[in-house]
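Colleague: Return a 3D structure for these sequence lines:
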Amino acid sequence: MPVFIENTDIEDLLKPMTNICYRISEQFPSLQEEAIKFRSEPVQACQPEGLLYVKQREFACTHPDDDVIHVLGTEDATTCHIIVVRHKGSGVTCLAHCDGCSTKQGIEDMLATVMLLSDGKLSGRFNLILLIF
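Modeller: Model prediction:
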């Protein structure tokens with residue numbers, strides 16, 4: 001599967017796998033700018049109704065037709081990675097709170113769940129958001 005940042009195929013940047021974050025941030029300085037803007041945003045408190053809280057080593061998914069879950073959230077990712085995947089065709093969104101334990105399997109399970117919940121609406125790109133702490 002090709003990986004794009006700002007409509008640019010970054011396959012060559014992914015080889016070798018060392019220093020990927022540095023190379024990507026060098027090539028796409030707008031990502032750092034957006035990260036700084038994101039970090040400066042105030043924390044938003046959410047009411048419990050409609051919220052699904054994702055703890056460390058968990059992931060959760062929802063879709064636009066979900067009558068119960070309206071917000072996926074997590075916190076306290078001091079040394080963890082937060083991954084958000086959204087399928088643009090179906091609107092299915094998943095959030096994972098990864099700490100390095102079985103992360104590859106968790107991502108595979110998360111993507112399989114996105115495909116399952118997309119239920120035939122398989123055309124469309126994936127949006128990927130990584131928060132690395």
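Colleague: Any buried residues in the host helix or strand of L52, and which?
Modeller: Element membership of L52 [criterion: DSSP states H and E] is strand 51-53. For strand 51-53, burial by neighbour count (16 or more other C-beta atoms under 10 Å) applies to L52. Using the backbone N, CA and C atoms, a C-beta is placed for each residue, glycine as well.
Colleague: Packing partners of it?
Modeller: strand 71-73 (3 or more C-beta pairs under 8 Å, 6 or more residues apart in numbering; DSSP states H and E).
Colleague: following the longest helix along the chain, which helix or strand comes up?
Modeller: Determined from DSSP state H, the single longest helix within the chain is helix 103-118. Once the chain leaves helix 103-118, the next helix or strand it forms, by DSSP H and E, is strand 126-132.
Colleague: returning to what we had before: between the longest helix of the chain and strand 126-132, how many degrees?
Modeller: Interaxial angle of helix 103-118 relative to strand 126-132 (axes from the mean of the first three to the mean of the last three C-alpha atoms, to 10 degrees): 150 degrees.
Colleague: about what we covered before: go ahead and name everything in contact with the strand holding L52.
Modeller: Strand 51-53 has contacts (C-beta atoms under 8 Å, 6 or more residues apart in numbering) with A60, T62, I69, H70, V71, L72, G73, T74.
Colleague: Okay, and the beta partners of the closest residue to the third one other than its chain neighbours?
Modeller: Residue nearest to I69 in three dimensions, not counting chain neighbours: T62, with 4.2 Å by C-beta to C-beta, 6 or more residues apart in numbering. With DSSP bridges as the criterion, T62 is bridged to T93.
Colleague: Next one: T62 from A112, what distance?
Modeller: To A112, T62 is 16 Å away according to C-beta to C-beta, to the nearest Å.
Colleague: and the residue most central in space within the chain, what does it touch?
Modeller: Nearest to the mean C-alpha position of the chain, by C-alpha atoms, centre = their mean, lies V84 at 1.7 Å. Listed by C-beta under 8 Å, 6+ apart, the contact set of V84 reads L72, T93, C94, L95, A96, N127, L128, I129, L131.
Colleague: Could you export those as a markdown table, including distance to S40 and pLDDT?
Modeller: Formatted as a markdown table, the contacts of V84 follow (distance: C-beta to C-beta, whole Å; pLDDT from 0 to 100):
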| residue | distance to S40 | pLDDT |
| --- | --- | --- |
| L72 | 22 | 94 |
| T93 | 24 | 95 |
| C94 | 26 | 95 |
| L95 | 21 | 95 |
| A96 | 24 | 94 |
| N127 | 22 | 82 |
| L128 | 22 | 81 |
| I129 | 17 | 81 |
| L131 | 14 | 79 |
